[in-house]
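Undergrad: Model the structure of this input:
(2 chains)
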Amino acid sequence: MGLKFRILPWHVVLAKTLIHLICLSWALLVYYQATTDQLGGDPVEAVLHFTGIGAFNLLLISLCISPLAKLFRQAQFMSFRRLLGLYAFFYGFLHLGSFLLFELQLEWRLLLSEIIERPYITVGMAAWLILLAMTITSTKALQRKMGSHWQTLHNGIYLAAPLVALHYIWSVKSNILEPSLYILFVAVLLSLRKDKLLRALRRSQRSVRHRREHSG
Amino acid sequence: MLIKIARPGDCRENEVTDEDIFLNRRQLLKQMGFVGAGALLANSPGAAAINLFGDDNEKRFQTRDLEYTPGSESAEVLTPKAKVISHNNFYEFGTDKRDPKENAQEFKVNPWQVRIDGLVEEPMTLGYDDLFTRFELQERIYRLRCVEAWSMVIPWIGFELKSLLQQVKPLSSAKYVAFETLYDPEQMPGQRNPFVGGGIDYPYVEGLRLDEAMHSLTLLSVGLYGKTLPPQNGAPIRLVVPWKYGFKSIKSIVRIRLVESSPPTTWNLLAPNEYGFYANVNPQVDHPRWSQARERRITKGGLLSNNRIDTQLFNGYDEVASLYQGMDLRRQY
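TA: Alright, predicted model coming up:
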């Protein structure tokens, strides 16, 4: 299905400006309300939920980009992917930062024991580190420099997405409807990339076998 | 019966924003010239969806003043009323903390009936008016520690469960007390729709050992902050057991039954490895998924108020320790 509509450069600029505006102003608004105690009984919880769900939403939107680009045959869509991915990490950064600052109130020892002892925090942290690595290597220059390793690293998103979903469903007390819907959505997004994922998996198995055979 | 009326000069609740000021704060802000960014943001759709106060003119459940014996002064800072009545776990009205206030304003509490029966000599039914007239009402300022690791300090009004139990005269075979919340799917969206109610099997049930129920700290509450309970806090009558996690303090009670063996309790049925029958506040015994060593005390102030404190064994109510002598609190959590 091709769109008749042609995406012009100024459309891209406009859309990117909108993404910046929405992502930044929404976060600003919520932190403003939280600091001025206008965000419900427990502003800490509210901020953690907002940034967590925000990061997950952005991550999922960024994962929709390439299927949509293919569907509508609009290569320009791809130019939004990095920006949305970076904002996903930005919200994830706010999420962990708020947890550290406002929930743990900078008790570093507690952070360490929480990461080790609480499985839902362990998987959340693992996803966060994957997104961090992707964010650091997101520049064009590093992409060129890293060659094929860059793609391997950025395939990490297909691990990070289910980890985030697990983090979410593991953290709720009993109301699993919403996290279940998110898990379903992640499954759909990953299934669209079934072939790619299987190829990557076979490649990595081959290289492991290769290494083993040559290490004897 | 001695009824003392709280003196208007009492300053026990001095940490609280006066209700009139609270309701007119926007006006006040404008008068002080703080329009601009704040007002613009407050009117955006995003802000409306997450705004604690919502529309100030929305139709609200009407509470009324109570006559009661004032409690002793508390050294602790009270949780402001605005937060006590807007941050609630009452899954019958939705699982988000803001849902109960949103969805419970049309809840009907009058007429109401609480049936007290089971292993008792004289079963009894209390009607709505009985809740406020049959027992001497007193104020109790208690800490409330939620199993989710946040806490509040709330001035409850009510009477000791003990005084009710003494009237129905438990038989010697009675060892436990079972409580039940109203089951009314028409009024409670969470009971109608499992997606709203968090997948809990309703009605909500709770239980105490008889000696816990007879302890003088154990309160049946019919009000808070000088007025009858709002529905989101469990109107018209709820249990308050301050040394146990909040989920033990069952809301909107319609039945109290004395029984021989340990009664089923809702959260224990849902996740037995995470929530026990006793549910005593204990910093040494973590929830399987999070630490119980510390808690976030909800008082005034936003994100930046440094309000993390150590959790105390039995929520600081050491006088109940003798109830659990010889028990392994790690195993019987």
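Undergrad: now the closest residue to chain B within chain A: how far from B:Asp211?
TA: Taking CB to the nearest CB, chain B has its nearest neighbour within chain A at A:Gly41, 2.3 Å off. C-beta: built from backbone N, CA, C; applies to glycine. According to CB to CB, to the nearest Å, A:Gly41 and B:Asp211 sit 33 Å apart.
Undergrad: which residues sit in contact with the spatially most central residue of chain B?
TA: Nearest to the mean C-alpha position of chain B, by CA atoms, centre = their mean, lies B:Asn233 at 5.4 Å. Each residue near B:Asn233 by CB atoms under 8 Å, 6 or more residues apart in numbering or on different chains is listed here: B:84-85, B:88, B:90, B:224, B:251.
Undergrad: One more: A:Leu86?
TA: Here A:Leu86 is in contact with A:135, A:138 (CB under 8 Å, 6+ apart).
Undergrad: Could you say which helix or strand holds it?
TA: Using DSSP states H and E, A:Leu86 sits in helix A:81-98.
Undergrad: and residue 206, how many residues sit next to it?
TA: With no chain named, the answer covers chain A. Close neighbours of A:Arg206, defined as other CB atoms under 10 Å in any protein chain shown, add up to 10.
Undergrad: hmm, I had chain B in mind actually
TA: With other CB under 10 Å as criterion, B:Glu206 counts 26.
Undergrad: is it fair to say it lies in a helix?
TA: No. Read with DSSP: H, G, I helix; E, B strand; the rest coil, B:Glu206 is strand and lies in no helix.
Undergrad: Show me where the stretch 1-150 of chain B has its strands.
TA: Secondary structure of the stretch 1-150 of chain B (DSSP state E, counting those that start in this stretch): strands at B:113-118, B:124-127, B:138-145, B:150-160.
Undergrad: Hmm, B:Trp150 is touching B:Thr299, no?
TA: No. Between B:Trp150 and B:Thr299 there is no contact under CB atoms under 8 Å: 11.0 Å.
Undergrad: quick one: contacts for the residue nearest to B:Tyr275 when sequence neighbours are not counted?
TA: Distances taken as CB to CB, 6 or more residues apart in numbering or on different chains place B:Trp267 nearest to B:Tyr275, at 3.8 Å, with adjacent residues excluded. The contact partners of B:Trp267, taken as CB under 8 Å, 6+ apart, are B:147, B:247, B:274-275, B:279.
Undergrad: Would you check how far apart B:Trp267 and B:Glu186 are?
TA: 25 Å.
Undergrad: I'd say B:Gly302 and A:Ala34 touch.
TA: Yes. The criterion here is CB under 8 Å, and B:Gly302 meets it with A:Ala34 at 5.5 Å.
Undergrad: With neighbour numbers in mind, choose between those two.
TA: A:Ala34 (24 against 18).
Undergrad: did I read that right, that one in a helix?
TA: Yes. Per three-state DSSP, A:Ala34 lies within a helix segment.
Undergrad: For the residue of the stretch 1-150 of chain B found nearest chain A, the count of nearby residues, please.
TA: Residue of the stretch 1-150 of chain B nearest chain A, by CB to the nearest CB: B:His87 (2.3 Å). Using other CB under 10 Å, B:His87 has 23 other residues around it.
Undergrad: any idea how far A:Leu96 is from A:Val47?
TA: For A:Val47 relative to A:Leu96 (CB to CB), the value is 12 Å.
Undergrad: Those two: which has the busier surroundings?
TA: Shown here are A:Val47 and A:Leu96; by other CB under 10 Å, A:Val47 has more neighbours (27 against 19).
Undergrad: Torsion angles phi and psi at the more buried one?
TA: Dihedral angles of A:Val47 (phi, psi; degrees, to the nearest 10) stand at phi -70, psi -40.
Undergrad: show me what contacts it?
TA: A:30-31, A:34, A:39, A:98, A:102, B:303.
Undergrad: To what extent is A:Ser191 buried, counted in neighbours?
TA: 9.
Undergrad: Over to B:Lys59?
TA: Count around B:Lys59 with other CB under 10 Å applied: 8.
Undergrad: Show me the shaky parts of chain A.
TA: A:1-4, A:215-216 (pLDDT under 70).
Undergrad: now do 80
TA: Residue ranges of chain A with pLDDT under 80: A:1-5, A:204, A:207-216.
Undergrad: Can you tell me the element the most centrally placed residue in chain A falls in?
TA: Centroid check for chain A by CA atoms, centre = their mean gives A:Leu59 as the closest residue, at 3.7 Å. Here A:Leu59 sits within helix A:43-72, counting by DSSP H and E.
Undergrad: Buried residues, that helix. List them.
TA: Neighbour-count burial for helix A:43-72 flags A:43-52, A:54-56, A:58-66, A:69 (criterion: 16 or more other CB atoms under 10 Å in any protein chain shown).
Undergrad: what angle separates that helix from helix A:81-98?
TA: Angle of helix A:43-72 versus helix A:81-98, following axes from the mean of the first three to the mean of the last three CA atoms, to 10 degrees, is 170 degrees.
Undergrad: In contact with residue 160, which residues?
TA: Unless you meant another one, I'm taking chain A. A:59, A:126-127, A:130-131.
Undergrad: ah, I was thinking of chain B
TA: B:Glu160 touches B:216, B:218-220, counting by CB under 8 Å, 6+ apart.
Undergrad: For it, give the beta-bridge partners.
TA: Counting by DSSP bridges, B:Glu160 is bridged to B:Leu219.
Undergrad: Check the spacing between it and B:Val114 real quick.
TA: 15 Å.
Undergrad: One more: A:Glu178?
TA: 35 Å.
Undergrad: The two: which has the busier surroundings?
TA: Taking other CB under 10 Å, A:Glu178 and B:Val114 do not tie; B:Val114 has more neighbours (23 against 14).
Undergrad: What sits closest to that one if chain neighbours are left out?
TA: Per CB to CB, 6+ apart, closest to B:Val114 is B:Leu126, 4.5 Å.
Undergrad: Return the set of buried residues in stretch B:254-266.
TA: Buried, per 16+ other CB under 10 Å, within stretch B:254-266: B:254-259, B:263, B:265-266.
Undergrad: Next one: that stretch, is it in contact with chain A?
TA: No. Stretch B:254-266 is not in contact with chain A by CB under 8 Å from any CB of the partner chain; minimum separation 9.9 Å.
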